[in-house]
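[1] This is a predicted model, with the sequence first.
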Amino acid sequence: MRAQGEMLKQKSSNMEKVRGVYALVSDMDTPKTGSVTRSPKRQPVSSFSVTDTPPQLDRVRDPKHLDDNCDGKGAQRESSIYSTRASLQGIILGLLVPTLSSEEDDETVLEYLLHCFQQQAPLYQLELLCKVFDPWKLDSGKKCCLSLFHPVIRPLCDWLIHWNMAEAAAVVPSDELLEWPKKDKRRFLHVVYRVGDLDRTIKFYTECFGMKLLRKRDIPEEKYSNAFLGFGPEETNFVVELTYNYGVDKYDIGTGFGHFAIATQDVYKMVEDIRAKGGIITREPGPVKGGKSVIAFAKDPDGYIFELIQRGPTPEPLCQVMLRVGDLERSIKFYEKALGMKMVKKTDRPEYKYSIAMMGYAEEHETTVLELTYNYGVTEYTKGNAYAQVAISTDDVYKSAEVVNLVTKELGGKITRQPGPIPGLNTKITSFLDPDGWKTVLVDNEDFLKELHKEE
């Protein structure tokens, strides 16, 4: 009974903290800058000092050391998008998801976190806090009691996100911000979609299309496997990422996804090879209607369509991803402004009631392009659950996310994942939907290469 009484007493104390934090959030205004730290000695929140430095942070209390301890690029922008996103990601990962070594640690972290918000701490201090309580370096044997505070920390994080996005918009002129995608180092990395039998699809792609299996991994704890295939290394080439979810053998492709495309020097021979290996040809090779390009279409075991295009030698045989859109001009503007693509070709075929625009970072014969198709009078399509997204590289996911956020306010779409590191991988990404609901993921260039080399 005594133990039960203590638990009830502790729960009551926790709820008092909850109510206090809600009151704190309600009264918050724009954060101020200043050096906020906590005393090395554990004290009540109200007695924290704003000048003392805890032992864990003593080595990195000055923001000039952030290049060694936070973003790896020497960033010193206390109120930057980068620091904000890394801080929030760290807080969520370090406090809500994993485990801590003891309830004593839980209370200490919570008190310091509340103190940071009470004092409206500079963002780098919040980021350093997250570094100190790195969830993958702590004892996983004891459960974190901070699950009680999910509804508390979440509004704090939301508040900081909204404040910082408004602050960034006020500080950086929109015209200047929109120039960033044009200067950024970008290329198509991979396209992600789901298949019902991973080994069957790998066999088909390697034998019929001539792709190479680049890497394969199984994640049993999350009940999925994936494989990366392409015509060249991931460091330089666009590849497909096939995902198999345990126990799911069929997906709905929907009406919006169109096809992938492979460039080959001999379409007729490729069709013969595919047919000889049991593949299905849905369009025999021959010139396109009203043109000279020789094409054919093949269907893979899951129903995905591949256009086979006869073309001379190219550094990127996996050359197209075709998606249908409801407003072509709107989509062109979106990909130009949000992703820095250029329209490399536009074709209107009124006799067949469709228009297409090729969007990319170089000419069609040099690299992969996104083929946006508009069918006259059709404004909506079903997405299904098979096709997932394309991934594109960037040198700064945080700055890129701000551009996307700005463009979505004008043209539609939304950010679906705030920029920050992926748990366990530390690869920084952000994701968003275009005005038609097609998903794109932006991946940090350096982190992507580190991830590849780590797996090797």
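    Done, it's in. These figures come from a predicted structure and were not determined experimentally.

[2] Only the buried residues of the helix or strand containing D175, if you could.
    Assigned by DSSP states H and E, D175 belongs to helix 174-177. Neighbour-count burial for helix 174-177, with 16 or more other Cβ atoms under 10 Å as criterion, is recorded at L177. (C-beta placed from N, C-alpha, C; glycine too.)

[3] and what of stretch 193-210?
    193-196, 198, 201-202, 204-205, 208-209.

[4] can you check stretch 323-337 too?
    Residues 323-328, 330-337 are the ones in stretch 323-337 that count as buried (16+ other Cβ under 10 Å).

[5] so which pair among the residues you listed is furthest apart in space?
    Pairwise distances across the buried residues of stretch 323-337 peak at 20.6 Å for R324 and K337 (criterion: Cβ to Cβ).

[6] Quick check: E235 touching K450?
    No - counting by Cβ atoms under 8 Å, E235 does not reach K450; the two are 11.5 Å apart.

[7] how about the helices in the stretch 251-400 of the chain?
    267-276, 328-339, 397-411 (DSSP state H, counting those that start in this stretch).

[8] Quick one: closest of these to K353.
    Nearest of the helices of the stretch 251-400 of the chain (Cβ to Cβ): helix 328-339, 12.7 Å.

[9] CA atoms only for that closest one, dumped as PDB, please.
    Listed in PDB are the C-alpha atoms of helix 328-339, where the atom choice follows Å, rounded to 0.1, in the frame of the first residue of the first chain:
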ATOM      1  CA  LEU A 328       0.700  21.300 -65.500                       C
ATOM      2  CA  GLU A 329       1.600  25.000 -65.300                       C
ATOM      3  CA  ARG A 330       1.200  24.900 -61.500                       C
ATOM      4  CA  SER A 331       3.400  21.800 -61.300                       C
ATOM      5  CA  ILE A 332       6.100  23.300 -63.500                       C
ATOM      6  CA  LYS A 333       6.300  26.400 -61.300                       C
ATOM      7  CA  PHE A 334       6.400  24.200 -58.200                       C
ATOM      8  CA  TYR A 335       9.300  22.100 -59.300                       C
ATOM      9  CA  GLU A 336      11.200  25.100 -60.600                       C
ATOM     10  CA  LYS A 337      10.800  27.100 -57.500                       C
ATOM     11  CA  ALA A 338      10.800  24.500 -54.700                       C
ATOM     12  CA  LEU A 339      13.400  22.200 -56.200                       C
END
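
[10] what ranges of this protein fall below the confidence cut-off?
    1-173, 455-456 (pLDDT under 70).

[11] returning to what we had before: more crowded one of E235 and K450?
    Neighbours of E235 and K450, each counted by other Cβ atoms under 10 Å, are more numerous for K450; the result is 15 against 10.

[12] re earlier: which parts of the helix or strand following the helix holding D175 are buried?
    Downstream of helix 174-177, the next assigned helix or strand under DSSP H and E is helix 180-183. Judged by neighbour count using 16+ other Cβ under 10 Å, the buried positions of helix 180-183 are 180-181.

[13] Show me the contact partners of helix 180-183.
    337-340, 396, 399-400, 403 (Cβ atoms under 8 Å, 6 or more residues apart in numbering).
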